[in-house]
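# Mind looking at a prediction? Sequence and model below.
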Amino acid sequence: MEVLCEVANCVYNLEGEKCGASEISIISEVGKTASSQQETDCQTFEPQEN
Ligand code: SF4
């Protein structure tokens, strides 16, 4: 599965706004369900050094 992601400063982000991680973990900020996109977060995100 291809994951498109626009978080350009993540170490896993590739050209073309794609995620290059072999696996990603997504959580809900509000428990086990979510009612909007804003309530979800990528836990695999790692900021680039610079
Ligand atoms: S790990 Fe998460 S934040 Fe980073 S490129 Fe992949 S989907 Fe985006």
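Done, it's in.

# how about residue 16, phi and psi?
In terms of degrees, to the nearest 10, the main-chain angles of residue 16 are phi 90, psi 10.

# do residue 29 as well
phi -70, psi -10.

# and the gap between it and the ligand?
For residue 29, the distance to the ligand equals 15 Å [C-beta to the nearest ligand atom, to the nearest Å]. For glycine as for every other residue, the C-beta is placed from the backbone atoms N, C-alpha and C.

# now residue 36
From residue 36 to the ligand the distance is 18 Å (C-beta to the nearest ligand atom).

# Which positions in the chain make contact with the ligand?
Contacts of the chain with the ligand, taken as C-beta under 6 Å from any ligand atom, map to 3, 5, 7, 10, 12-13, 19, 21, 24, 42, 44-45.

# how does it look with 8 Å?
Within the chain, the positions near the ligand by C-beta under 8 Å from any ligand atom are 3, 5-7, 10-14, 18-21, 24, 42-46.

# which among those end up buried?
Buried by 16 or more other C-beta atoms under 10 Å: 5, 10, 12-13, 19, 21, 42, 44-45, out of the residues of the chain next to the ligand.
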